[in-house]
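Undergrad: Mind looking at a prediction? Sequence and model below.
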2 protein chains.
Amino acid sequence: MFTKTRKTVPADETALNAQLLIKAGYIHKEMAGVYTYLPLGLTVLNNIANIIRQEMNAIGAQEVLMPALQIKERYMLTGRWDDKVVDDWFKTKLVNGTELGLGFSHEENLSPILKDYISSYKDLPVGIYQIQTKFRNELRSKSGLMRGREFLMKDLYSYAISEQQHHEFYDKAKAAYIKIFDRLGIGDQTFIVTASGGTFSKYSHEFQTITKAGEDTIYIDRAKGLGINKEVFNDEVMADLGLKHADLEKVPAIEVGNIFSLGT
Amino acid sequence: MFTKTRKTVPADETALNAQLLIKAGYIHKEMAGVYTYLPLGLTVLNNIANIIRQEMNAIGAQEVLMPALQIKERYMLTGRWDDKVVDDWFKTKLVNGTELGLGFSHEENLSPILKDYISSYKDLPVGIYQIQTKFRNELRSKSGLMRGREFLMKDLYSYAISEQQHHEFYDKAKAAYIKIFDRLGIGDQTFIVTASGGTFSKYSHEFQTITKAGEDTIYIDRAKGLGINKEVFNDEVMADLGLKHADLEKVPAIEVGNIFSLGT
């Protein structure tokens, strides 16, 4: 192996996770939020990806690989081209001047593909995922591997014939994520946390792992394995989840996964 | 599997390779030179990548994963930032206005990493490769998967203490490529073709596979398995290679690999 342990790290590397991984020869810093995976780091990354792949396949999801280069017109349709709506776009251009984006997520890619293939209720539900490089133009990227500008992400998308069928798949996916975090050895520190649902649904579910370096604050009931994100920590949510103030503990955590209903 | 065979292809898809792969549900066209790999296509892509990976590992090369986002300053040092020098850059910007490029090749990334780790002649030779997504802003991209704007590429880089050590590794890599094309089932149609060496060496070696759809023209000696690219087809090259006019056949081909001495 060509890497060795090192005593020094780049002066601008303030994140403990990246400092340790650089010293051990797992990664090399290219710029804030952008790292090269050296042989040891790539081995770990592939091991994680393969666990995720196995659990996605186990719930019947099918793997594809969508491109980073994104067509402007599709995002004009969904209202997500404007930098004021999506503030972390990287944008680029073809030689002929045509504007393109670098994918931060792939809803706009997958739905046109599915239109070619879904023609009957028998084709649903379907779950499709990829393990693919995302680009996010973070204003600040000081948390090492925790908030990258270019990073490998597993994104799973599901399509259903009805709300009931959707929720059945949602629950299967949630169970798969729990299994993944268990297999990765962080299951006992990872909680299903209720968070804001955004435009389409009341709540979303975050998988939050307790760590001192976490950027999020969550309130957890350790016995129940459940939690509430600080951003929606109020009496209504506590009542919905059947949680009591006395059982809750406030902890810092990092979001390691997220699952939500997008709507139509 | 959610894909089905299709009877139609996008009107702007003129390449036979892409037409057939779209009809069979292997790929989906996003834009010229940019495709999604559907489950069947991804399976084939992964099978090819794994054969390459095995043969790279067999010659002692080590796998890494470098990022697409590229720092301008490094290419200023090597003179490759200017669009007049490298005419297929995709460029982008950080939120703060800092210019970045999308990697078309990774020499500028790897050498700074090696500077951290190579401290003795005992550390050489070293071969390092990745199987990673390249971005090339092709003016025209009408050949389906044969000339992509975004595509998966295996790039292997070697570092040596002397010219002799370099050539020993070069020959090992060449043998590995022959083995790869044999295992992929195109070995008998693939020839080692002498081509222009560019700035640093007299010749480079291309691996060219005979196909009617090929964009290159080569002159081959089938018995010897050798050939000459049209661009350097002259008496001097024929003499260097020990080839005779009478034994040569002119055929169209596609470059499926390339190996060259970069220098210092």
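TA: In hand now; what should we look at? What you see is a predicted model, and the numbers here were worked out from it, not measured in a lab.
Undergrad: A:Pro125 - how many residues pack around it?
TA: 17 (other C-beta atoms under 10 Å in any protein chain shown). C-beta: built from backbone N, CA, C; applies to glycine.
Undergrad: Let me know the pLDDT of it.
TA: Reported pLDDT at A:Pro125 in the predicted model: 97.
Undergrad: Confirm for me that it is in contact with A:Ala160.
TA: Yes. Here A:Pro125 reaches A:Ala160: they are 4.5 Å apart, a contact under C-beta atoms under 8 Å.
Undergrad: Tell me the residues that contact both of the two, please.
TA: A:166, A:168-169 (C-beta atoms under 8 Å, 6 or more residues apart in numbering or on different chains).
Undergrad: out of those residues, who has the most neighbours?
TA: Counting by other C-beta under 10 Å, top hit in the shared contacts of A:Pro125 and A:Ala160: A:Phe169 with 20 neighbours.
Undergrad: who's A:Asp221 bridged to?
TA: A:Leu226 (DSSP bridges).
Undergrad: Closest residue of the stretch 151-264 of chain A to chain B?
TA: Across the stretch 151-264 of chain A, the shortest distance to chain B (C-beta to the nearest C-beta) belongs to A:Leu152, at 8.3 Å.
Undergrad: Using the three-state scheme, assign that residue.
TA: Three-state call for A:Leu152 (DSSP: H, G, I helix; E, B strand; the rest coil): strand.
Undergrad: any idea how far B:Tyr117 is from A:Phe12?
TA: Residue A:12: Asp, not Phe. 20 Å (C-beta to C-beta, to the nearest Å).
Undergrad: Which one of those two is surrounded by more residues?
TA: Between A:Asp12 and B:Tyr117, B:Tyr117 has the larger neighbour count (other C-beta under 10 Å), namely 17 against 9.
Undergrad: Could you pull up the contacting residues of the more buried one?
TA: With C-beta under 8 Å, 6+ apart, B:Tyr117 has these contacts: A:2-4, A:25, B:123.
Undergrad: out of the residues you listed, what pair is the most spread apart?
TA: With C-beta to C-beta as the measure, no two of these lie farther apart than A:Gly25 and B:Asp123, at 13.2 Å.
Undergrad: neighbour count winner among the two?
TA: Neighbour tally, A:Gly25 and B:Asp123, criterion other C-beta under 10 Å: the higher count belongs to A:Gly25, 19 against 14.
Undergrad: okay, the more buried one: pLDDT?
TA: 97.
Undergrad: Let me know how buried A:Leu156 is, in neighbour terms.
TA: Neighbours around A:Leu156, by other C-beta under 10 Å: 18.
Undergrad: mind listing the strands for chain A?
TA: With DSSP state E, the ranges of strands along chain A come out as A:27-31, A:34-37, A:62-63, A:69-71, A:90-93, A:99-102, A:126-135, A:150-159, A:190-196, A:203-210, A:216-221, A:226-229, A:249-259.
Undergrad: got JSON lines for those strands, with distance to B:Thr194 too?
TA: Compiled in JSON lines, these are given as follows (distance: least, C-beta to C-beta, whole Å):
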{"stretch": "strand A:27-31", "distance to B:Thr194": "36"}
{"stretch": "strand A:34-37", "distance to B:Thr194": "33"}
{"stretch": "strand A:62-63", "distance to B:Thr194": "40"}
{"stretch": "strand A:69-71", "distance to B:Thr194": "34"}
{"stretch": "strand A:90-93", "distance to B:Thr194": "36"}
{"stretch": "strand A:99-102", "distance to B:Thr194": "37"}
{"stretch": "strand A:126-135", "distance to B:Thr194": "36"}
{"stretch": "strand A:150-159", "distance to B:Thr194": "38"}
{"stretch": "strand A:190-196", "distance to B:Thr194": "57"}
{"stretch": "strand A:203-210", "distance to B:Thr194": "55"}
{"stretch": "strand A:216-221", "distance to B:Thr194": "59"}
{"stretch": "strand A:226-229", "distance to B:Thr194": "63"}
{"stretch": "strand A:249-259", "distance to B:Thr194": "52"}
